[in-house]
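Engineer: here are the coordinates; sequence isn't available:
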């Protein structure tokens, strides 16, 4: 019971508070406010917001607290401004401009009400200014009796009531208990961006509105006023909202400085209980109008200004000369004017389209819708058709397959290259064109174009592919101290040798690399280079021949890979090592493989038999050194195993029969020592006597 008494007292307090603002009228008829003045406005100028204004009121009521004029839509904070143009002429009123809300208050200069006549005169002198050259759009001005905000698009009134710490349910009841000139109040329901901006951003209110998801979590509905029970199809939640932290079921306009200005968040019925916290409720927003059985009040009127702007369509370019028809649209009610200069000047035409005279050069025109500061340019582009292309050469040739550099110019524009005289697709754009590799004669065509203006006369370039002389590189052998003839290999050409000679053949006497450029006759003039590597081969010279048993190694004074070797004069080989060479006097042969020369040298192969059998069967009956006869000074001493000298051989006695003092010696191993002469080492070994 105490709670009900407290609530009734609170509601009575709100009603008394509301009457003090002049919107709980009971004994008099609400005044009727009329205003005219939908106008066009040019930025940086000053314009009165009404062309006429009147207040029709009850004869018993001669005045009120004041008039409130708000930029209710299109407001540009920091640029738009409302002011009384001549304050000295209105001594009975004072004005106050709220730049955040975009609202001008006109109230009494003394304590008490202001006569309606003084308010009418003052409103007629209220002006709007915007200093920005880039200002655009439409501004709607709401002119209302009383301090509630009026929105022409809804014809509703909105009042923010400060009340720190008030709960959502208490705010709902207080709003429902209030009236404004007979209109029933309710927690605001916001159905459009215009409402959201006026209530949340321009009013700078931090408080409750009439939305809730208490019935079904996550399903937000409007639960107050004429929209009660309808889904919230338009919302303006802050980032991350609604987040339902702590069973938050009620919609609330977020405190400025927290996220998006004027956006919403969800709170519990009490909100934060911490004084000064950003989520502690600071009040609520009451909306008036639209309830059942209510007729719209006429205590407010509205006018608007529109900043006229022309939007011009750029015409398509033409070629060489002609006339353009340029079209433009403008803000409703504005007159489009055409100029030939960016500022000032006299209009050369008016209307939504302008047909230029015949022009042959690119020309810029200008258009506006009544505001010179919004004058826009439009360029009528005239492109010149280029001349027929001029090519660097109409006949181009090259020797052998490959690419060709082609060049063409024109007086204006670009060169497009084609492979056909008409039609087809351009394969390259540019003055300098390097063709792909071509193997046979071909024709390319140059065509000039300039931004769509085309000269269809294509200039051909003939490309001829010549076959260069077919030359073959060679490697030839030059014998030492000999001469050789080098031949370019193709007759009927011109020649240039690396020696400076210009004949088909040259004679050379030294090895090295020789080149000859072979050029075909005109018009081909194709050159091929032949390279001849001349390898000068020496004549071999034998240095020595080493004999180890029946193996002989031939050493030269200078080894060369083009030498070959033999020890019989018939069978030659690349290796200088020979095995199983017969004993006796032999000859070593070395020659150059190409026939440049040869040399020979004798050598002796000494063969020491491993055994002998003196049994008079005519086979191996004596032991003798084969080849010893080639060394006149040679001597062979034969010893038994105890070192006793048994026999001595020389060129006069070449063999041993196995006797000592004519007595046959037993089968055994015997040793020998051969001394050829003082320049050779003594050769030692052993052999067997078998019986």
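Structural biologist: Happy to help now that I have it. Only a predicted model underlies this, so the values are computations on that prediction, with no experimental measurement involved.
Engineer: off-centre distance for stretch 422-436?
Structural biologist: Computed by CA atoms, centre = their mean, to the nearest Å, the chain-centroid distance of stretch 422-436 equals 27 Å.
Engineer: show me what counts as buried in it.
Structural biologist: 428, 433, 435 (16 or more other CB atoms under 10 Å). The C-beta positions use only the backbone N, C-alpha and C, and glycine is treated the same way.
Engineer: can you map out the helices along the stretch 1-150 of the chain?
Structural biologist: 2-20, 116-124 (DSSP state H, counting those that start in this stretch).
Engineer: confidence-wise, which of those is weakest overall?
Structural biologist: Among the helices of the stretch 1-150 of the chain, helix 2-20 has the lowest mean pLDDT, at a mean of 36.
Engineer: TSV for the buried residues of stretch 422-436, including distance to residue 82?
Structural biologist: Converted to TSV, the buried residues of stretch 422-436 look like this (distance: CB to CB, whole Å):
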residue	distance to residue 82
428	65
433	68
435	73
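Engineer: would you turn those into CSV with pLDDT and distance to residue 527?
Structural biologist: Below are the buried residues of stretch 422-436 laid out as CSV (pLDDT from 0 to 100; distance: CB to CB, whole Å):
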residue, pLDDT, distance to residue 527
428, 97, 29
433, 97, 25
435, 96, 21
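Engineer: residue 167 and residue 279: what is the separation?
Structural biologist: 13 Å (CB to CB, to the nearest Å).
Engineer: shared neighbours of these two, which are they?
Structural biologist: residue 271 (CB atoms under 8 Å, 6 or more residues apart in numbering).
Engineer: contacting residues around the closest residue to residue 523 other than its chain neighbours?
Structural biologist: Sequence neighbours aside, residue 397 is the residue nearest to residue 523 in space, at 7.4 Å (criterion: CB to CB, 6 or more residues apart in numbering). Going by CB under 8 Å, 6+ apart, residue 397 touches 463-466, 523-524.
Engineer: pull out the buried members of the residues you listed.
Structural biologist: 463, 465.
Engineer: now tabulate the contacts of residue 397 in JSON lines and tack on pLDDT, distance to residue 142 and secondary structure.
Structural biologist: Output for these, formatted as JSON lines (pLDDT from 0 to 100; distance: CB to CB, whole Å; DSSP: H, G, I helix; E, B strand; the rest coil):
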{"residue": "463", "pLDDT": "97", "distance to residue 142": "80", "secondary structure": "strand"}
{"residue": "464", "pLDDT": "96", "distance to residue 142": "86", "secondary structure": "strand"}
{"residue": "465", "pLDDT": "96", "distance to residue 142": "86", "secondary structure": "strand"}
{"residue": "466", "pLDDT": "96", "distance to residue 142": "90", "secondary structure": "strand"}
{"residue": "523", "pLDDT": "92", "distance to residue 142": "92", "secondary structure": "coil"}
{"residue": "524", "pLDDT": "94", "distance to residue 142": "93", "secondary structure": "coil"}
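Engineer: and the contacts of residue 397 as TSV, adding distance to residue 642?
Structural biologist: As requested, those are exported to TSV (distance: CB to CB, whole Å):
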residue	distance to residue 642
463	102
464	101
465	97
466	96
523	101
524	96
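Engineer: out of the contacts of residue 397, who's nearest residue 194?
Structural biologist: Minimum distance to residue 194 across these is 72.5 Å, recorded for residue 463 (CB to CB).
Engineer: ok, now how distant is the closest one from residue 76?
Structural biologist: Distance of residue 463 to residue 76, given as CB to CB: 67 Å.
Engineer: for residue 265, same thing?
Structural biologist: Plainly put, residue 265 is 27 Å away from residue 76 if you go by CB to CB.
Engineer: can you check residue 664 too?
Structural biologist: With CB to CB as the criterion, residue 664 and residue 76 are 147 Å apart.
Engineer: how about the strands in the stretch 51-200 of the chain?
Structural biologist: 52-56, 63-64, 66-73, 81-84, 93-98, 103-108, 114-115, 126-129, 137-145, 149-151, 156-162, 179-180, 183-187 (DSSP state E, counting those that start in this stretch).
Engineer: for residue 363, which of these is the nearest?
Structural biologist: Going by CB to CB, the one of the strands of the stretch 51-200 of the chain nearest residue 363 is strand 137-145, 31.3 Å.
Engineer: centre of the chain to the closest one, how far?
Structural biologist: Taking the mean of its C-alpha atoms, strand 137-145 sits 50 Å from the chain's own mean (CA atoms, centre = their mean).
Engineer: now swap in stretch 148-160 and tell me
Structural biologist: Its chain's C-alpha centre and that of stretch 148-160 lie 53 Å apart, by CA atoms, centre = their mean.
Engineer: go through that stretch and flag the buried ones.
Structural biologist: Quick answer for stretch 148-160 (16+ other CB under 10 Å): 148-152, 154, 156-160.
Engineer: stretch 604-624 too?
Structural biologist: Neighbour-count burial for stretch 604-624 [16+ other CB under 10 Å]: 604-608, 612-614, 623-624.
Engineer: do the same with stretch 545-556
Structural biologist: For stretch 545-556, a neighbour-count test (16+ other CB under 10 Å) marks 545, 547, 552, 554, 556 as buried.
Engineer: OK, contacts around the last one?
Structural biologist: Which is residue 556. Counting by CB under 8 Å, 6+ apart, residue 556 touches 540-543, 563, 576, 590.
Engineer: how about 6 Å then?
Structural biologist: Contacts for residue 556 (CB atoms under 6 Å, 6 or more residues apart in numbering) come out as 540, 542-543.
Engineer: in strands, which of these fall?
Structural biologist: Here DSSP state E is the test, and the contacts of residue 556 give 542-543 as lying in strands.
Engineer: residue 182: which of the contacts of residue 556 is nearest?
Structural biologist: Looking across these and measuring by CB to CB, the closest to residue 182 is residue 540, at 137.5 Å.
Engineer: re the thing from before, who has more neighbours out of residue 265 and residue 76?
Structural biologist: Counted by other CB atoms under 10 Å, residue 265 and residue 76 do not tie: residue 265 has more neighbours, with 24 against 15.
Engineer: quick one: residue 438 from residue 278, how far?
Structural biologist: Separation of residue 438 from residue 278 (CB to CB): 78 Å.
Engineer: where does the prediction get shaky in this structure?
Structural biologist: 1-28, 202-205 (pLDDT under 70).
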